[in-house]
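# When you get a sec, could you give me coordinates for this:
(2 chains)
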Amino acid sequence: MEITQELVSEGLRRSHYVTNQRVATAIYLALALDKPLLIEGPAGAGKTEIAKVVAAMLGTELVRLQCYEGLDEARALYEWNYQKQLLRLQADQHQGLRWEEISEHVFSRDYLLERPLLRAILAPHRVVLLIDEIDKADEEFEAFLLEALSDFQVSVPELGTLKAASSPAVILTSNRARELSEALRRRCLHLYIDYPGIEQERQIIALKVPELPERMAAAIARLVNAVRKLDLKKAPSIAEALDWARALLRLGVRELDAPGVRATLGLLVKHEADRTRVEDKLLSLIGRP
Amino acid sequence: MTQSLTAILLDFIGALRDEGVRVSVAESLDAMRAVAVVGLSRGRVQEGLRAALVKHRDHDQIFDDLFSSYFGAALEAQQPDSRGRRDGLVGIGGGSGSGEALPTARSAVRRPAAPTGATEAIPERPGDKRLKGATSREGESLAAEQGFAAATATRPGARSDYADTAGEDRSPRARRRSGVHGRETIETTPFARYTQLEYEQAREILAVLQRRLRQRLGRRSRRARRGRLDFRRTLHAAVQHGGVMVERRFRSRRPRHVDLLMLADISGSVHYASTLTLELIAGARECFRRVSAFAYIDRLALAEFEQGHLVLTPQLDFYARSDFGQVCAELLGTYAHLLTRGTVLLIIGDGRNNRKAPRVDLFGELSRRCYRTLWLNPEETERWNTGDSVIGIYGRIASVITASDLRLLEAGLERIF
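Numbers count the residues shown, from 1 in each chain, chains lettered A, B, ... in the order given. Got it, this is the predicted structure:
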């Protein structure tokens, strides 16, 4: 499939992903130049969503590798299915096979547990590989990833080198829990996503919760935006704003007023300290034109 | 891509590098390819270059400024509130981005590859003066009219113009520049060169350092958790499977619990380094079983952080001269119960004892009672053992590590485990 900018814009629009030209251009370039795209930004700004949208756009499968502390090659790439190999050995026990034959049996693809990275490399068609929260992984893993991302081939000592038929589209996300290495940054295209502005958020709410009156959507967008500006422990994400909008709709709230907001605030802010803080400022937040 | 556009991009990348944005050769190739595929629309070129060249968010502003001085300011920039809203809503696809073709780039392409000689005449051209003004904020719209042609025409001169204006309004640019490098620079600035300003900059990034330290210390204890193969238990588990060792069992390794006893010299010479360390450790408390933090000059005082302020009980006399021997005696006398086999004794100080008795015997006794003794010296290694420094004597007992800037300090702290 030929990737064009129109295709990317259209794909984003079709997936109801409201965004700006910066995001569209970065996605287009990542696909057109075949480079990994590193997306940074606060939690809940829609980083992971981009990968899903891209997968939907390309009409392909999304392979997700969730990173965490202590993630190692065995969990990310491949592992031999030790139990299955043993069973096979036991079954072969009395057939008097030679060593070469046995090892050929047990070290074949059947006994390989494919983890996300290998699955993405071995996929027969181009898939989208999402490496989520790379900042949570160890530095050692990052170094290993660099190698894997540069040529999309993996050498398994017993099997030889496995090479990708078509290189997957790679998207990495980071919350900046730790600084990523310069080497990784150099190899990726970079995109920073912030929370949307009021107008953009209003559009998102209007698109995803179409039953909500226009005026409410605008009011919600304005309030959520103002809440994010307070110095909170955890700023409300876009998904939380949507949840809140749905809740207000369900409750039949027609006007954003202090009692209504107070009753549903738990959907928006998830820390007690944050809650008191927002409640203190509530009147001025709502009163804003 | 035409010769001249390549040259302009290279020059632009050079200017980015001058501003402290690190751009590798591979990245500049990416930038060329990006421009080749996005087409000559202003918005897309800008975003394409950004994706390929700007890998840190802090560099965004520099990029935007340089982009508008090289390729003319954006049309949106003329709207008063566009600054904050620049990445606001732009219709994707047929939006404003693609509509407004890059007049400037087009003219650049049309022109024969501008020979460098041609630029000598340029300073006399009227457009040039306007460009000079254009680098300042009011002039941005001017630059937009002027477009790229002038910018490219003055290409070799452009940077010096730019430097000139930078001289006029140095402050904001300089400030921003220090912000860009801020983090890295401050991490490698020796404590010896600290003033109140550096100290405050260091405190600003302390949260990041604390988080990093927590992660590193946490990882260390976690990594030790999975031990060697436990043969006995593996055999035992194999009984279930008819003697085939299907499951492997490993010895679990207990995470070591560390009691940290910290002594920080907060006298004038190493004040900044010590307070920063105290605060750093205060943020990584949960990595230890117990943390007892003391500050000392000539006496000991419990050190705590309350809302970012160091609170000492009892208050110390900041005009006193540090006397580590006296401190050792006090520690052994009053706080001996804190010294156990699980204690790591961490000292931050320069070992300048003002020619008072070093009391190595007492220090040796302290060290014997602890699991490990670590001494972080914020002084640069060349200055050790000069003047009244007796770090060499203490170094016979404790392992002394140079911690003359934040980065070294961090590395030193990791050795607690």
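
# mind listing what the nearest residue to residue B:55 once chain neighbours are set aside touches?
Distance criterion CB to CB, 6 or more residues apart in numbering or on different chains; nearest residue to residue B:55, sequence neighbours excluded, is residue A:185 at 4.0 Å. All C-beta spots, glycine's among them, are computed from the backbone N, C-alpha and C. Residue A:185 makes contacts with A:38, B:55, B:56, as judged by CB atoms under 8 Å, 6 or more residues apart in numbering or on different chains.

# just these now: which is nearest residue B:308?
residue B:56 (26.9 Å; CB to CB).

# Check the closest one and give its pLDDT.
Looking at residue B:56, its pLDDT reads 86.

# Return the distance of it relative to residue A:192.
For residue B:56, the distance to residue A:192 equals 9 Å [CB to CB, to the nearest Å].

# So the two - more neighbours on which side?
Between residue B:56 and residue A:192, counting by other CB atoms under 10 Å in any protein chain shown, residue A:192 is the more crowded of the two (23 against 18).

# So what sits opposite that one in the bridge?
Counting by DSSP bridges, residue A:192 forms beta bridges with residue A:40.

# Wait, it touches residue A:38, no?
No: between residue A:192 and residue A:38 there is no contact under CB atoms under 8 Å: 9.4 Å.

# Pull up the gap between residue B:298 and residue B:237, please.
On the measure of CB to CB, residue B:298 and residue B:237 end up 61 Å apart.

# quick one, what contacts residue 267?
In the absence of a named chain, chain A is used. The neighbourhood of residue A:267, defined by CB under 8 Å, 6+ apart, consists of A:240, A:243, A:244, A:247.

# wait, chain B
Per CB under 8 Å, 6+ apart, neighbours of residue B:267: B:297, B:318, B:320, B:321, B:322.

# And the buried ones among these, selectable in ChimeraX?
Buried residues among those (16 or more other CB atoms under 10 Å in any protein chain shown), as a ChimeraX selection:
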select /B:297,322
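
# Could you tell me how many residues sit around residue 190?
No chain was given, so I picked chain A. 22.

# my bad, chain B
Look at residue B:190: counted by other CB under 10 Å, it has 15 neighbours.

# contacting residues around it?
B:380, B:404, B:405.

# Provide the secondary structure category for the residue nearest to residue B:55.
Taken by DSSP: H, G, I helix; E, B strand; the rest coil, the conformation at residue A:185 corresponds to helix.

# cool, the one 5 residues further on as well?
For residue A:190, the reduced secondary structure class is strand; criterion used: three-state DSSP.

# That one reaches residue B:59, doesn't it?
No: in this structure residue A:190 lies outside contact range of residue B:59 using CB under 8 Å: 9.7 Å.

# Which residues of the stretch 51-200 of chain A lie near chain B?
Residues of the stretch 51-200 of chain A lying close to chain B (CB under 8 Å from any CB of the partner chain) are A:69-70, A:82-83, A:86, A:90, A:138, A:177-178, A:182, A:185-192, A:194, A:197, A:199-200.

# go with 7 Å
Within the stretch 51-200 of chain A, the positions near chain B by CB under 7 Å from any CB of the partner chain are A:69-70, A:83, A:86, A:90, A:138, A:178, A:185-186, A:189-192, A:197, A:199-200.

# Need the residue closest to the centroid of chain A.
Closest to where the C-alpha atoms of chain A average out (CA atoms, centre = their mean) is residue A:48, at 2.4 Å.

# show me the contacts for it.
A:130, A:132, A:173 (CB atoms under 7 Å, 6 or more residues apart in numbering or on different chains).

# Using TSV, please lay out the residues you listed together with neighbour count, pLDDT and distance to residue B:363.
Converted to TSV, the contacts of residue A:48 look like this (neighbours: other CB atoms under 10 Å in any protein chain shown; pLDDT from 0 to 100; distance: CB to CB, whole Å):
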residue	neighbour count	pLDDT	distance to residue B:363
A:130	26	95	55
A:132	19	93	50
A:173	25	94	50
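
# which one among those gets closest to residue B:417?
For the contacts of residue A:48, the nearest to residue B:417 is residue A:132 (29.2 Å; CB to CB).

# that older thread, among the contacts of residue A:267, who's most crowded?
residue A:244 leads those on contacts (other CB under 10 Å) with 23 neighbours.

# From residue B:65, how far out is the residue nearest to that residue when sequence neighbours are not counted?
Nearest non-adjacent residue to residue A:244, counting by CB to CB, 6+ apart: residue A:267, 4.5 Å away. The gap separating residue A:267 from residue B:65 is 41 Å, by CB to CB.

# follow-up on the earlier one: need the max-distance pair from the residues of the stretch 51-200 of chain A next to chain B.
A:90 and A:199 (66.5 Å).

# Do you have the strands of chain B handy? List them.
Along chain B, counting by DSSP state E, strands occupy B:226-229, B:250-252, B:259-265, B:290-296, B:300-306, B:309-313, B:343-348, B:372-377, B:399-402.
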